[in-house]
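Asker: Pasting the sequence and the predicted model now:
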Amino acid sequence: MSTPLSMAMVGGGQDAFIGAVHRMAVRLDDQIRFVAGALSSTPERAKVSGDALGLRPDRNYPTWQALIEQETKRSPEERVDLISIVTPNDSHYEIARACVEAGFHVVLDKPMVHSSQQAADLIAAVERAGTVFGVTYNYSGYPLVREARHLVQQGELGTIRKVIVEYNQGWLSTKLEASGQKQAGWRTDPARSGLGGAIGDIGSHAEQLLRFITGLEIDSICADLTAFVPGRELDDDVGMLLRFTSGAKGVLVASQVCTGEENNLRIRAWGEKGGLDWRQEQPNELILRKADEPMRHLRSANPYGSPAAAAATRIPAGHPEAFIEAFANIYRGVADAIRASRGENRRDPELPFPDVHDGARGVQFIERAVESGRSDRKWTPARWDPDAE
Ligand SMILES: NC(=O)c1ccc[n+]([C@@H]2O[C@H](COP(=O)([O-])OP(=O)(O)OC[C@H]3O[C@@H](n4cnc5c(N)ncnc54)[C@H](O)[C@@H]3O)[C@@H](O)[C@H]2O)c1
C-alpha cells in the first residue's frame, strides 16, 4: 500500500473560486492529502482561511515565501510533496518557479504564465529540478474527452479535415468588474490577467482541448479579438480561423459576452470516415457520426469504453461525473508521475495530464492570438459595392 502524498496550496482562500475545486478533487481518490497552505494574498485572510479548513497552525502560512522556506526545513518524510498554485495569473511565474527550484512537484492552474520567455524559463527550471509539473487544463480530464482522443488515435474518424471548438460564456456581458466582483476584476485587468482576456481565460482551454483530442498541430491562425463591453481593456470575445500542419482547418470561438450562456464548451471534429461531437454541459455523452451508420451516442462508464476512458471514471454508468472528477483525473496523473519519479511504480499511459510544455504552448497561443488580433492584414472589404458592377 502506498502512503498518500501531501500537498500545500497557494491561493484558494475564502471567496476564491478554483482552489476549493482543487481541494475537493484531491479528496476523491485519497491519494493526496491537503496539509499546508498560504491561502490568500493577505496574511490575515490566509490565516483565517487555513483555520477554517483545519490546517495545523504551524502549516498555515502567512505567505507563499514562508511556506516554501518552512516546508523546505522539514524532514523529507514530513515535507509536502506537491504544491498546488491557484492564484491569479500574474503571480504564477514567480511562485511556480520558486516552488520548482525548491524541489517541490507543482500543479499550476492555467494560463501558465504571462509570456513565452517566462514559459521557457519555467521549462528549464523543471528540467533542472527533475520534478513533476502539471497544468490544470481540466477539460482533458473528462472520461469522454479521453474516449474521443482514443477514437481519433484508433483511426475511427480517418484523417481529420475540420475542427470547430467553441467556448461560450455570458458572465462578463456587463461591466461586472466595476461592481467589485473579484474574479471579474483581475480577469479584465491586463496587469493581472496578462495579454489576453477571454482568449487567455477560456480560449486557452479550447486550444488545449483540441490539441489533446485531435493531436493536430496548429500551424497558423487568423484571430479577431474584440472588447465589446465599453471601457474594458482586454478582449471579451474571440473568433479565429486555424490552419493545422496536417492541412486540416479549424475554427475557434471563445466569448464571455454570449449573454445567458453558462459554460458552453463544445468540440466537433470531422475526418474522412466520421465525426465526433462533445459538449461540456452534457459531458457524459459523446456523439460519433459515420456516413454509413446511424449516429451513435456513446455514454461514459460503459463496458464498451476504452481503457483510457475507464481510467478516468470512478462510478458506474448513469451516475454523472463532471467538473470535479475531471480535475481529480489531472491529479491522478500527477500523483502517478510523482510515484513513478520515485521508482514506486511504472508510469501509467492511461493517466495523461497536461504538463509544463502544454502550459508553454498555451502561453504562446495566447501571444500569437493577441498579435493576430491586432493586425488587420487579412481583412478584405466585403460590402456590396454597386460601382464595381
Ligand atoms: N481550470 C479551470 O477551469 C479554472 C477555472 C477558474 C480559474 N482558473 C485559474 O485559477 C487561477 C485562480 O482563479 P480564481 O478564479 O480561483 O481566482 P480568485 O480570485 O477566485 O482566487 C485567487 C486566490 O488567490 C489568492 N492569492 C492571490 N495572490 C496570492 C499570493 N501572492 N499568495 C497567496 N494567495 C494569493 C487570493 O487571495 C485568492 O484566495 C487563475 O489562474 C485562473 O485562470 C482555472
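Answerer: The structure has been received and is ready for your questions.

Asker: Which residue ranges of the stretch 251-389 of the chain form helices?
Answerer: 307-310, 323-341, 356-374 (DSSP state H, counting those that start in this stretch).

Asker: Switch the ones you listed over to a markdown table; also include distance to residue 29, mean pLDDT and mean neighbour count.
Answerer: The C-beta positions use only the backbone N, C-alpha and C, and glycine is treated the same way. Listed next are the helices of the stretch 251-389 of the chain as a markdown table, based on distance: least, C-beta to C-beta, whole Å; pLDDT from 0 to 100; neighbours: other C-beta atoms under 10 Å:
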| stretch | distance to residue 29 | mean pLDDT | mean neighbour count |
| --- | --- | --- | --- |
| helix 307-310 | 15 | 97 | 18 |
| helix 323-341 | 6 | 98 | 23 |
| helix 356-374 | 22 | 98 | 21 |
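
Asker: Which among these is found nearest to residue 28?
Answerer: Nearest to residue 28, of all these, is helix 323-341, at 4.2 Å by C-beta to C-beta.

Asker: Show residues contacting the closest one.
Answerer: The contact list for helix 323-341 (C-beta atoms under 8 Å, 6 or more residues apart in numbering) reads 2, 5, 21-22, 24-26, 28-29, 31-32, 81-82, 105, 107, 130-132, 134, 136-142, 283, 311-312, 314, 345-348, 351-354.

Asker: and that helix, how far from the chain's centre?
Answerer: In terms of C-alpha atoms, centre = their mean, to the nearest Å, the centre of helix 323-341 is found 13 Å from the chain centre.

Asker: That helix near the ligand at all?
Answerer: No: shown here: helix 323-341 not in contact with the ligand (C-beta under 6 Å from any ligand atom), separated by at least 7.5 Å.

Asker: Renumber starting at 594 from here on
Answerer: Got it, first residue is 594 now, which makes that one helix 916-934.

Asker: Just the C-alpha atoms of that helix, please, in CSV.
Answerer: Output of helix 916-934 as CSV, limited to C-alpha atoms (Å, rounded to 0.1, in the frame of the first residue of the first chain):
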residue,chain,number,x,y,z
PHE,A,916,-16.0,19.1,-13.4
ILE,A,917,-14.6,18.0,-10.0
GLU,A,918,-13.8,14.5,-11.3
ALA,A,919,-12.1,15.9,-14.3
PHE,A,920,-9.7,17.9,-12.0
ALA,A,921,-9.3,14.7,-10.0
ASN,A,922,-8.1,12.9,-13.1
ILE,A,923,-5.4,15.5,-13.7
TYR,A,924,-4.3,15.0,-10.1
ARG,A,925,-4.4,11.2,-10.6
GLY,A,926,-1.9,11.6,-13.4
VAL,A,927,0.3,13.9,-11.4
ALA,A,928,0.3,11.5,-8.4
ASP,A,929,1.1,8.6,-10.7
ALA,A,930,4.0,10.6,-12.2
ILE,A,931,5.4,11.6,-8.8
ARG,A,932,5.3,8.0,-7.6
ALA,A,933,6.9,6.9,-10.9
SER,A,934,9.7,9.5,-10.4
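
Asker: for the stretch 744-893 of the chain, what spans make up the strands?
Answerer: Read by DSSP state E, counting those that start in this stretch, the stretch 744-893 of the chain holds these strands, from start to end of the chain: 753-761, 811-819, 830-837, 842-848, 857-864, 867-872, 878-883, 886-892.
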